[in-house]
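S.K.: Let me see the structure of the following:
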Amino acid sequence: MIGVFDSGNGGLTVLRALAGRLPGPGFAYLGDHANAPYGDRPAEAVYRLTVENVERLFGLGCRLVLLACNTASAVALRRLQRHWLPGVDGGRRVLGVLVPVVEPITLVPWQVNAPPSDRPTPPATIGVFATPRTVTTGAFAYEIGRRAPAVTVLQQACPGLVAAIEADAPAAEIAGLVAGFVAALQERCPAGRPDTVVLGCTHFPLVADAFAAALPAGVPILDQPRLVADSLEAYLRRHPDFDDGAGGGAAEGGGIRFLSTGCNGATAAVASRFFGRPVVFERVG
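M.R.: From the prediction side, this is the model:
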């Protein structure tokens, strides 16, 4: 199985794209609902919780774990890979969801440490809408800047939006929140509008229509779940030992286990909305 981890339900938008793209491997999705959301937690708490839950997925037999959470990817992934993972039994990997977005923005493959002189010109201004904690890390700006230093990255924290999406708030309420965040970002854009937008939280694809309505016409919105599915598919081609086809039927839901540290009826109802079909969680922890 491939492990997919998120603080709650947002990562189910990524899992949905993965399951539709990759029918071979099975998936184990773990939502840390008992401690969600991570977006406003201190960095050290995010790191500790991320390690604990990756350990849970390793314990279930997952050798490859995807952090399908922008906050966990931004706060914990680099430290986890450098300082914790080397002490774990070999042959295990942890990936995040920032890299698949950074590559198409900068037009530079992740394996390339410096941008080639003849690469296509990336967009001039990127708008990143994310949780407050993801914005605080500056991870998107840092990773984009390494490969496309001429790009202006404008980050916009979106406090309260995750909670509103989880609560299935009325469309008018969501639209009002999003319009305020878009207006705040546009005020800082050199040209009055971004060239491209990243929805840097796995919850936000569920309200992509609200962002599209609030943004000027023609501003592309990158589809993070699709980009993550593209990236993981390519990764498995390069590392076929992580894709043994044991899950068979994942695309139909038969190869997916849904796990939660704090599930209840309401959690399952929200999760089913995120995943697009019924979700039944097993309690862990």
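
S.K.: which regions of the stretch 51-200 of the chain sit below the pLDDT cut-off?
M.R.: The stretch 51-200 of the chain contains residues with pLDDT under 70 at 109-121.

S.K.: switch to 80 and redo it
M.R.: 107-123 (pLDDT under 80).

S.K.: could I get stretch 209-221 in CSV with only the CA atoms?
M.R.: The C-alpha trace of stretch 209-221 is given here as CSV (Å, rounded to 0.1, in the frame of the first residue of the first chain):
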residue,chain,number,x,y,z
ASP,A,209,-15.2,27.9,-8.5
ALA,A,210,-15.3,30.6,-5.8
PHE,A,211,-11.7,31.5,-6.5
ALA,A,212,-12.3,31.5,-10.3
ALA,A,213,-15.3,33.9,-9.8
ALA,A,214,-13.3,36.3,-7.6
LEU,A,215,-10.1,36.3,-9.8
PRO,A,216,-9.9,38.3,-13.0
ALA,A,217,-11.0,36.4,-16.0
GLY,A,218,-8.2,34.3,-17.6
VAL,A,219,-6.0,33.8,-14.5
PRO,A,220,-5.1,30.1,-14.5
ILE,A,221,-5.6,28.1,-11.2
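
S.K.: Report the buried residues of it.
M.R.: 210, 211, 214, 215, 219, 221 (16 or more other C-beta atoms under 10 Å). C-beta here means a position set from N, CA and C on the backbone, and glycine is covered the same way.

S.K.: In those, find the pair that's most separated.
M.R.: Maximum pairwise distance among the buried residues of stretch 209-221 (C-beta to C-beta): 13.5 Å, between 210 and 219.

S.K.: can you pull out the helices in the protein?
M.R.: 11-21, 43-59, 70-75, 77-79, 99-106, 132-137, 139-147, 161-166, 171-186, 208-214, 224-238, 265-275 (DSSP state H).

S.K.: Return the most buried member of those.
M.R.: When these are scored by mean count of other C-beta atoms under 10 Å, the highest mean neighbour count falls to helix 70-75 (a mean of 30).

S.K.: what's that helix in contact with?
M.R.: For helix 70-75, contacts defined as C-beta atoms under 8 Å, 6 or more residues apart in numbering pick out 5-7, 38-39, 41, 43, 46-47, 50, 67, 96-98, 130-131, 133-134, 137, 139-140, 200-202.

S.K.: Mind listing the residues bridging to residue 31?
M.R.: Going by DSSP bridges, residue 31 is paired in beta bridges with residue 6, residue 260.

S.K.: Correct me if wrong: it contacts residue 261.
M.R.: Yes. Contact criterion C-beta atoms under 8 Å: residue 31 and residue 261 qualify, at 7.3 Å.

S.K.: Counting neighbours around each, name which of those two comes out higher.
M.R.: residue 31 (31 against 21; other C-beta atoms under 10 Å).

S.K.: which residues touch the more buried one?
M.R.: By C-beta under 8 Å, 6+ apart, the neighbours of residue 31 are 6-9, 11-12, 258-261, 263, 267, 271, 281.

S.K.: Specify which member of those is nearest to residue 173.
M.R.: Scanning the contacts of residue 31 for proximity to residue 173, where the rule is C-beta to C-beta, the winner is residue 9, at 18.5 Å.
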